[in-house]
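A.B. asks: Requesting a structural model of the entry that follows:
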Amino acid sequence: MDRLTALHVFVTIAEQGSLSAAAERLDMSRAKVSRYLAELESWMDIRLLHRTTRSLSLTSIGEETLEIAQNLLAMTEDLEGIRNKNTPTLKGQLRITASYSLIDSFLMNVIHDFVSTWPGTSIDIMSTDESVNLIESRIDLAIRITNELAPNVVARKLGECRSVICASPAYLAKHGTPQDAQSLSQHNCLSFTYFGRSAWVFDGPNGPESVPITGNISANLSEVLLAATLQGNGISLQPLPTVQPLIENGKLVKLLPEWKPKTLGVYAVYANRKQVTPLQRAFTEALSQHVKGLPYW
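C.D. replies: The predicted structure follows:
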């Protein structure tokens, strides 16, 4: 029995919650996953999991074994990292999730360069503005714009995302241009579903300022709000990297430059520090280097 592989199978079963999910994650047959687990339990002469037709849970010994197995696998990856310094090669698939605005503004450029440099790698992208469960969704790496990371995640800060208040010339011609932040409450403000639906917070000339807002359009995708803004439906907060070209060509107007919206961090997020692979580390480093060269981040 390959004990290291058996431990990896056991850890994956515990993280995924079932043999079938672990088999899919590991690209193995369910029978093979079951055989590795049985051989590991036979070698250790203990039962690691309580298994019924409908549920699976760790025994008390299984919980203790899981922590040790995770540490052993992490040390193995560290040794592989040392080896790869002398014989650098990367291969395998990386599953990434990010918002479409991030994918469009810089992530695709990084992916193009990365898979060109490492032809043995592939990238599977899931686009969403929602914060998904990385383990349940089998995601290796999430790129998130937030100031409220969950306490159990492992994250590396890549940069910061500034936003701007903007509207189309057509909207301003019809409804007038706000002269200060509080006057936004008299306008149709297009809001993001997950935050800022009832108030926008700014760092203004006299300090922090909260402005109550209302509007007839909200969405869970920033691209939807951008399209609505361009069509003259209202005023919105937009990421500067996305709208700067539109401001420069006159399709949008930047409003209230003395009132700065809250700056958000841009993070690479992993589910588990102990199982960060060389492929994940390499791609995150490529992201970090790319972001350093972008003026708006």
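
A.B. asks: Report the residue spans of the stretch 1-150 of the chain with pLDDT below the cut-off.
C.D. replies: By pLDDT under 70, the low-scoring segments of the stretch 1-150 of the chain are 1, 53, 77-88.

A.B. asks: Would you state the helices of it in chain order?
C.D. replies: With DSSP state H, counting those that start in this stretch, the ranges of helices along the stretch 1-150 of the chain come out as 3-16, 19-26, 30-44, 60-86, 100-102, 108-117.

A.B. asks: any chance of these in TSV, plus mean neighbour count?
C.D. replies: All C-beta atoms are positioned from the backbone trio N, CA, C, and that covers glycine. Listed next are the helices of the stretch 1-150 of the chain as TSV, based on neighbours: other Cβ atoms under 10 Å:
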stretch	mean neighbour count
helix 3-16	20
helix 19-26	18
helix 30-44	16
helix 60-86	13
helix 100-102	21
helix 108-117	14
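
A.B. asks: and of those, who's closest to Val253?
C.D. replies: Distances from Val253 to each of the helices of the stretch 1-150 of the chain were compared using Cβ to Cβ; the minimum, 19.7 Å, belongs to helix 100-102.

A.B. asks: thinking again about what came up before, out of the helices of the stretch 1-150 of the chain, which gets nearest to Arg281?
C.D. replies: Distances from Arg281 to each of these were compared by Cβ to Cβ, and the smallest falls on helix 60-86, at 7.3 Å.

A.B. asks: on that earlier part again, can you lay out the helices of the stretch 1-150 of the chain as JSON lines showing distance to Ala228?
C.D. replies: Shown next, in JSON lines, are the helices of the stretch 1-150 of the chain (distance: least, Cβ to Cβ, whole Å):
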{"stretch": "helix 3-16", "distance to Ala228": "39"}
{"stretch": "helix 19-26", "distance to Ala228": "39"}
{"stretch": "helix 30-44", "distance to Ala228": "47"}
{"stretch": "helix 60-86", "distance to Ala228": "46"}
{"stretch": "helix 100-102", "distance to Ala228": "15"}
{"stretch": "helix 108-117", "distance to Ala228": "24"}
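
A.B. asks: Point out the one among those that comes closest to Gln186.
C.D. replies: Comparison of the helices of the stretch 1-150 of the chain against Gln186 by Cβ to Cβ identifies helix 100-102 as nearest, at 28.0 Å.

A.B. asks: Which other helices and strands does the closest one contact?
C.D. replies: Taking 3 or more Cβ pairs under 8 Å, 6 or more residues apart in numbering; DSSP states H and E as the contact definition, the neighbouring helices and strands of helix 100-102 are helix 222-230.

A.B. asks: what are the C-alpha coordinates of the helix it packs on, in CSV please?
C.D. replies: Coordinates of each C-alpha in helix 222-230 appear next as CSV, following Å, rounded to 0.1, in the frame of the first residue of the first chain:
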residue,chain,number,x,y,z
SER,A,222,-21.1,44.7,-11.0
GLU,A,223,-21.2,44.3,-14.8
VAL,A,224,-25.0,44.6,-14.6
LEU,A,225,-24.8,47.9,-12.7
LEU,A,226,-22.2,49.2,-15.1
ALA,A,227,-24.4,48.5,-18.0
ALA,A,228,-27.3,50.2,-16.3
THR,A,229,-25.1,53.2,-15.5
LEU,A,230,-23.9,53.5,-19.1
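
A.B. asks: any idea of the mean pLDDT for it?
C.D. replies: When pLDDT is averaged along helix 222-230, the result is 93.

A.B. asks: Double-check Ser99 against Ser127; I have them as touching.
C.D. replies: Yes. Look at Ser99 against Ser127 with Cβ atoms under 8 Å: they come within range, at 6.9 Å.

A.B. asks: out of these two, which sits in the more crowded spot?
C.D. replies: Neighbours were tallied for Ser99 and for Ser127 using other Cβ atoms under 10 Å; the higher tally belongs to Ser99 (20 against 16).

A.B. asks: Excluding covalently adjacent residues, which one is nearest to the more buried one?
C.D. replies: For Ser99, the nearest residue in space outside its immediate sequence neighbours is Asp129; the separation is 4.6 Å by Cβ to Cβ, 6 or more residues apart in numbering.

A.B. asks: Got phi/psi on that neighbour?
C.D. replies: Geometry field for Asp129 lists phi and psi as phi -90, psi 0, criterion degrees, to the nearest 10.

A.B. asks: try Gln186
C.D. replies: Listed backbone geometry of Gln186 is phi -90, psi 0, with angles given as degrees, to the nearest 10.

A.B. asks: burial measure for it, as a count.
C.D. replies: Here the number of neighbours of Gln186 (other Cβ under 10 Å) works out to 12.

A.B. asks: Having no further points to raise, I will conclude here.
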